[in-house]
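>>> Quick check, what structure comes out for this input:
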Amino acid sequence: MKTLLSVILLALLGLMAAKVLAQRSNGTISGRVITEDGQPIPHARISILGIGGLPKMMSGRMQILTDERGEFQADGLDAASYSISAIAPGYVVMAKERASYVHVGDSITIRMIRGGVITGRVTNASGEPVVGISIETTRLRDENGRPLTDGTNPVDLASSRRTDDRGVYRAYGLAPGSYVVSVGGGSLGFSLSPTPFYGRMNIYYPSETRDTATEVAVRSGEEASGIDIRYRSERGSAISGRITGAPAGGQGVAIPTGSFVVLTKAGTDTVVATSMVSPLAENNSYAIYGVPNGEYEVTAVRPILSDSSVMTSVSRRVLLNGRDVTGINLALVASASISGSIRLEKLAAAAGQKCEDNRDSSLEEIVLRATHDDPNQKPALKLSFLLSAGIAAPNDKGGFTLAGLSAGRHFVGTQLPDEDWYVKSMILSSVSAANTVARQVSNNGIVLKAGEKVAGLTITIAEGAAGLKGKITTSRDEKLPAGMRVYLIPAEPEAKDDLLRFAEANVDDDSFTFTNLPPGKYLLLARPNPQPKSSEVPVHPLAWDATERTSLRKEAEAANAAVELKPCQRVTDFTLKSRS
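This is a model prediction of the structure:
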């Protein structure tokens, strides 16, 4: 999977260069990259990526290196939200620092820890070394044992790891967690540098299929050695077909590598293999080789360099039982999207009706995200790093398009750059021949059909947001349970189902923080954070479920912890007593 993403990302980077010159620029982001104990990391590669879908990715990405003091400075940046990542050989970014956005004028610190190592030897049935075979490490769980969904692993742009002349491999710079290790022909159906093992089944440590593989624990700065694999050269089965459908006029330009096919285990998001369609392939044909027996789903995807959409196919289920399967043709269709505009509602200039401005912010710094939440519909493949599916930023006029969405119910959320702002309303206007109907969609989400283009969503962002910081105390100074979370529930009866008034935050040590809150009265509740049952069941805000909203309110009323927040008010010393 990493190899495919690397090839496509390199193609995107090639297209990007011509567009950077057209970028209007006016700001700076600076920072430092240091180790966990504060030592500088020189020559780390810093990637700065503008948020807002593929067009902004193309015009907004740049890479620089840190100096001997671990410092960097990126000049000439537009007002926008940016994702910043750091890569240094042998290091990984600390988990709690991976998901934040930064803005022009910010100065940040990126802390990295020593990555772990997995090393071992690959031999054949006779005990002889297997030379030059590709090694792939797949992280299944994080350092706390929580399962990961596909797309959470960083892309490795380095050359594929292979065994040396002794059959020895060494995979380093791995994030802490639990991995499976495989050897074989790699996951690409079209390889730019095939090996003698191309098209053969991947064999997992110690000498198993993916389903029976033994997981390997990786810790920061430690080496897991002796992870020896006995390689079996097994052909497996092949799945092949062709891809139909192409971008219509005005829908953007397909990336040079065209379409690619993703093979997942049936009913899950576990990626088994990927196949890029060769530009030289006749009739847009594809093939995936070396697949073990089992039940799978095959999906085609074509990234589009525009804000309109990507193209995907309906997944087709395939059962393999020792024979090749041909004729699995996949028809690309445009995915669904939600478009609209953002409007800013300012406070009156009268005394007491104006927040203290911490910084100058713009609409373009807002990040929008459409999150799938429909148990009756399978969400789209989680390849958001590549496709930016469901993520957007408004333009300077406030317009936006959330593209690459699958059928089903979606909730639209925002990340605001200014603590003075909050989301006041989300209104979807539908125009018919008879009249115009406007409805609040923040409470129940937006239900999309396959390929549907929904327009007319107006999101009102208002000035006057409140903030709340506090600590949790326990009776007898007991230690808090792990994974605590604090919930805010609107106290007003008329707001009992207003999802814009619900909020939740993790507890760090014994502290919690809320920003961008609508003014009003709130009830507070602290309780353990529910854990996902598997990587295919994401944990969404509890308030999205009507039954959970009722349960939260009952518990919060019994706890009787309340606060009233006025416009622009910042409460920094709230004490919440845990009932655990």
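>>> Which residue ranges of the stretch 351-500 of the chain form strands?
Per DSSP state E, counting those that start in this stretch, the stretch 351-500 of the chain carries strands over the ranges 367-372, 391-392, 399-405, 408-415, 421-431, 436-440, 446-448, 453-463, 466-473, 484-490.
>>> Same question for the stretch 51-200 of the chain.
Counting by DSSP E, counting those that start in this stretch, the strands of the stretch 51-200 of the chain are 62-65, 71-77, 81-87, 91-93, 101-103, 107-114, 116-123, 134-141, 161-162, 168-174, 177-184.
>>> where's residue 238, which helix or strand?
Using DSSP states H and E, residue 238 sits in strand 237-244.
>>> coming back round to it: adding mean pLDDT, write the strands of the stretch 351-500 of the chain out as JSON lines.
Formatted as JSON lines, the strands of the stretch 351-500 of the chain follow (pLDDT from 0 to 100):
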{"stretch": "strand 367-372", "mean pLDDT": "90"}
{"stretch": "strand 391-392", "mean pLDDT": "86"}
{"stretch": "strand 399-405", "mean pLDDT": "88"}
{"stretch": "strand 408-415", "mean pLDDT": "92"}
{"stretch": "strand 421-431", "mean pLDDT": "90"}
{"stretch": "strand 436-440", "mean pLDDT": "73"}
{"stretch": "strand 446-448", "mean pLDDT": "92"}
{"stretch": "strand 453-463", "mean pLDDT": "94"}
{"stretch": "strand 466-473", "mean pLDDT": "93"}
{"stretch": "strand 484-490", "mean pLDDT": "93"}
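>>> I'd like those as CSV, with mean neighbour count appended.
Just so you know, the C-beta spots here come from the backbone N, C-alpha and C atoms, and that holds for glycine as well. Converted to CSV, these look like this (neighbours: other CB atoms under 10 Å):
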stretch, mean neighbour count
strand 367-372, 20
strand 391-392, 24
strand 399-405, 25
strand 408-415, 19
strand 421-431, 18
strand 436-440, 11
strand 446-448, 19
strand 453-463, 18
strand 466-473, 19
strand 484-490, 22
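>>> picking that back up, using neighbour counts, pick out the buried residues of the strand holding residue 238.
237-243 (16 or more other CB atoms under 10 Å).
>>> picking up where we left off before, and among the strands of the stretch 51-200 of the chain, the most buried is which?
For the strands of the stretch 51-200 of the chain, the largest average neighbour count (mean count of other CB atoms under 10 Å) is found in strand 177-184, namely a mean of 23.
>>> Quick one: list the elements packing against the helix or strand following that strand.
Once strand 177-184 ends, the next helix or strand along the chain (criterion: DSSP H and E) is strand 203-204. Packing partners of strand 203-204 (3 or more CB pairs under 8 Å, 6 or more residues apart in numbering; DSSP states H and E): strand 177-184, strand 229-230.
>>> lowest-confidence stretch among those?
Lowest mean pLDDT within these: strand 177-184, at a mean of 93.
>>> Residues in contact with it: which ones?
Residues outside strand 177-184 that contact it (CB atoms under 8 Å, 6 or more residues apart in numbering) are 118, 120, 122, 130, 133-143, 145, 148, 163, 169, 171, 197, 200-205, 210, 213-218, 227, 229, 231, 290.
>>> Make TSV from the strands of the stretch 351-500 of the chain and add distance to residue 41 to it.
Below are those laid out as TSV (distance: least, CB to CB, whole Å):
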stretch	distance to residue 41
strand 367-372	27
strand 391-392	29
strand 399-405	35
strand 408-415	27
strand 421-431	35
strand 436-440	48
strand 446-448	43
strand 453-463	37
strand 466-473	31
strand 484-490	33
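>>> Outline the domain layout of this structure.
Per the record, the chain has its domains at 2-114, 116-230, 237-334, 336-463, 466-577, by automatic domain parsing.
>>> Out of these, which gets the lowest mean score?
Across the domains of the chain, the lowest-scoring stretch is domain 2-114, with a mean of 76.
>>> about what we covered before: out of the buried residues of strand 237-244, the closest to residue 400 would be?
The shortest gap between residue 400 and any of the buried residues of strand 237-244 belongs to residue 243, at 29.6 Å (CB to CB).
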